[in-house]
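# What would the 3D arrangement of this be:
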Amino acid sequence: MKNNYKFWIVLSLIVVFSAGVAGGILFENYFLDKRPKKREERRSSVRFPTMEMMADELGLTTDQQEKIRDVFRNNEERLKQYRSQIHQQYSSLRTQLKKEIEDVLTEEQKTKFQAMIDKYLSERKRQMEERNRRSEKGQKNRGERR
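Numbers count the residues shown, from 1 in each chain. Model prediction:
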């Protein structure tokens with residue numbers, strides 16, 4: 001009789017342990033997404049065709065390919081100028097926003113507000129440096145594989 005109790009206790013422990021493992025696996029698979037969201041995954045999957053895609057699907061000649069590459073290069077310059085203008089406008093807007101907020105605050109609050117902004121900027125800079133290091137590391141690893 002004593003052995004019968006041991007059997008049921010061991011069996012129930014195994015069942016409970018198995019249910020916990022199964023529940024943990026299901027929870028992890030369906031509720032936790034451990035993969036970091038990559039920038040490419042967040043964007044739409046529809047993209048402008050690459051030079052290689054156009055050459056293959058349209059049967060472009062080498063002369064046509066070179067002209068299209070020139071169009072891409074010229075467009076890249078225009079995009080850089082546009083990004084620069086947008087960056088300047090954002091910077092101006094942020095400066096104006098900061099001034100308007102400071103106009104509402106007391107001197108003590110202004111000091112704390114500036115500390116908040118400095119903390120945010122230093123954290124942002126640290127994150128950018130970390131992202132650049134990971135990017136450089138990834139590029140090195142890709143280069144070694146080839």
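# Next SSE downstream of the least confident helix or strand in the chain by mean pLDDT?
Least confident helix or strand, the chain: helix 39-42 with a mean of 53, by mean pLDDT, DSSP states H and E. Next along the chain after helix 39-42, taking DSSP states H and E as the criterion, comes helix 51-58.
# Which elements pack onto that following helix?
When contacts are defined as 3 or more Cβ pairs under 8 Å, 6 or more residues apart in numbering; DSSP states H and E, helix 51-58 sits against helix 62-104. To be clear about C-beta, it is placed using only N, CA and C from the backbone, and glycine gets the same treatment.
# quick one: the helix it packs on to helix 51-58, angle?
On the basis of axes from the mean of the first three to the mean of the last three Cα atoms, to 10 degrees, helix 62-104 is oriented at 130 degrees to helix 51-58.
# and helix 62-104, what other elements does it pack with?
helix 51-58, helix 107-145.
# Count residues in the vicinity of residue 77, would you?
9 (other Cβ atoms under 10 Å).
# Relative to residue 109, how far out is it?
Distance, residue 77 to residue 109, using Cβ to Cβ, to the nearest Å: 45 Å.
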